[in-house]
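Student: requesting a structural model of the entry that follows:
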Amino acid sequence: MPANDLSLRSAVNDLYCDHHDWLNGWLRKRLGNRCDAADLAQDTFVRVLKARNALEIREPRPYLSRIAKGLLIDLFRRRSLEQSYLHALAAMPEAQQPSLEEQAILLQALVDIDRLLHGLGTKVRQAFILSQFDGLTYAQIAERLNISPRTVNTYMAKAMEHCCLMQVQMQQA
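Tutor: Alright, predicted model coming up:
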């Protein structure tokens, strides 16, 4: 094994040993749930492993807490989305409800779409959804959002670029 790999491995090990218990406690205070805190602490260190930058970390606790905060936000967003989805399912007639397998697939698709659209401005996201999911033309979107068709075109270009970049990031993660 090359020396730099051993150094990196040692740095990750030291980081984990020195800060795992602190991070787990920090997360437990925010979540009030031991299991979720343990999962997010592990996910945080997985991110550190993937980043391969443990040798460069000078202030471990702020670094780890920044990663963990992002994971917390993702967890809360996903749970909120799940709750909205479950409420929508409960409002459907039982005969029209998808099977449990279809529900799991649909929920994962919703989470993926939410992740792709995260970070877009409200109007850009609305224009994209109206176009891609509701099938509205740019003229119809412009009318609905009270903007020009040219602005819709600009919003759609931004949304497409954003989605492509997010897709690449998701594949690299």
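
Student: domains for the protein, by residue range?
Tutor: Domain segmentation of the chain under automatic domain parsing yields 1-97, 119-173.

Student: as a markdown table, those domains with mean pLDDT would be great.
Tutor: Output for the domains of the chain, formatted as a markdown table (pLDDT from 0 to 100):
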| stretch | mean pLDDT |
| --- | --- |
| domain 1-97 | 90 |
| domain 119-173 | 89 |
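
Student: could you export these as a markdown table, including distance to A109 and mean neighbour count?
Tutor: Every C-beta, even on glycine, is put in place using the N, C-alpha and C of the backbone. As requested, these are exported to a markdown table (distance: least, Cβ to Cβ, whole Å; neighbours: other Cβ atoms under 10 Å):
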| stretch | distance to A109 | mean neighbour count |
| --- | --- | --- |
| domain 1-97 | 10 | 14 |
| domain 119-173 | 11 | 15 |
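
Student: scan the protein for its longest helix.
Tutor: Assignment by DSSP state H gives helix 60-91 as the longest helix of the chain.

Student: pLDDT averaged over the next helix or strand after that one - what is it?
Tutor: Per DSSP states H and E, the first helix or strand lying C-terminal to helix 60-91 is helix 100-117. For helix 100-117, mean pLDDT is 88.

Student: next, the buried residues of helix 100-117.
Tutor: Buried positions in helix 100-117, judged by neighbour count with 16 or more other Cβ atoms under 10 Å: 107, 110-111, 115-117.

Student: that one versus helix 60-91: what angle between them?
Tutor: Put simply, helix 100-117 runs at 130 degrees to helix 60-91, going by axes from the mean of the first three to the mean of the last three Cα atoms, to 10 degrees.

Student: restrict helix 100-117 to CA atoms and write it as CSV.
Tutor: Taking C-alpha atoms only, helix 100-117 is exported to CSV below (Å, rounded to 0.1, in the frame of the first residue of the first chain):
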residue,chain,number,x,y,z
LEU,A,100,-46.4,-1.1,-1.6
GLU,A,101,-43.6,-1.8,-4.1
GLU,A,102,-44.9,1.0,-6.4
GLN,A,103,-45.2,3.3,-3.4
ALA,A,104,-41.5,2.7,-2.5
ILE,A,105,-40.5,3.3,-6.1
LEU,A,106,-42.6,6.5,-6.3
LEU,A,107,-41.2,7.8,-3.0
GLN,A,108,-37.6,7.2,-4.1
ALA,A,109,-38.4,9.1,-7.4
LEU,A,110,-39.9,12.0,-5.4
VAL,A,111,-36.7,12.1,-3.2
ASP,A,112,-34.5,12.0,-6.3
ILE,A,113,-36.5,14.8,-8.0
ASP,A,114,-36.4,16.9,-4.8
ARG,A,115,-32.7,16.5,-4.6
LEU,A,116,-32.3,17.5,-8.3
LEU,A,117,-34.5,20.6,-7.8
